[in-house]
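**Student:** Need a 3D model of the sequence below.
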Amino acid sequence: MTGQVKEDIVSRFYELGFFVNEGKISFEPTLLRKTEFMSEEKSFKFVNLEHDINYLELPINSLAYTICQVPIIYSLSNREGIKISYKDNTEKLINGHELDIESSQSIFNRTNLINAIYVNVMK
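**Tutor:** Residues are numbered from 1 along each chain as shown. Okay, the predicted model is just below:
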């Protein structure tokens, strides 16, 4: 990768509000424009940690990207919060905008325990 490409990627993560502090992932998309959220339902295509091509159906007023091949789905909402969806079909709800250290490390270490992270973003 060229220096410009790396700079563009880092800048985009900043715009998306993806940060790591003391090993914990947080989502603070204050620079993200509301016009970047989808105005219609769409399919999000990504490659999972098992190298399979997957699709997630995304509703209106959402957007998605991946971190270490784990989908991060933002949805406009009236309240802030995070839902972690695990491979064993369990879920964990978090008030606020920061993952705990265990969940963050699971993503970074590519343990394949997490299906997706759903982040409610204030309208």
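
**Student:** check which helix or strand covers residue 79.
**Tutor:** Under DSSP states H and E, no helix or strand contains residue 79.

**Student:** Quick check: it touching residue 122?
**Tutor:** Yes. Between residue 79 and residue 122 a contact is recorded at 7.5 Å, counting by Cβ atoms under 8 Å. The C-beta positions use only the backbone N, C-alpha and C, and glycine is treated the same way.

**Student:** State the number of residues packed around the closest residue to residue 78 other than its chain neighbours.
**Tutor:** In this structure, residue 78 finds its nearest non-sequential neighbour in residue 123, 6.4 Å apart by Cβ to Cβ, 6 or more residues apart in numbering. Using other Cβ atoms under 10 Å, residue 123 is surrounded by 11 other residues.

**Student:** Surely residue 105 is within a helix?
**Tutor:** Yes. Counting by DSSP: H, G, I helix; E, B strand; the rest coil, residue 105 is located in a helix.

**Student:** who's in contact with the residue lying closest to it once chain neighbours are set aside?
**Tutor:** Distances taken as Cβ to Cβ, 6+ apart place residue 23 nearest to residue 105, at 6.7 Å, with adjacent residues excluded. By Cβ atoms under 8 Å, 6 or more residues apart in numbering, residue 23 lies in contact with 101, 104, 105.

**Student:** Can I get those in JSON lines including distance to residue 87 and pLDDT?
**Tutor:** Shown next, in JSON lines, are the contacts of residue 23 (distance: Cβ to Cβ, whole Å; pLDDT from 0 to 100):
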{"residue": "101", "distance to residue 87": "19", "pLDDT": "97"}
{"residue": "104", "distance to residue 87": "17", "pLDDT": "98"}
{"residue": "105", "distance to residue 87": "16", "pLDDT": "98"}
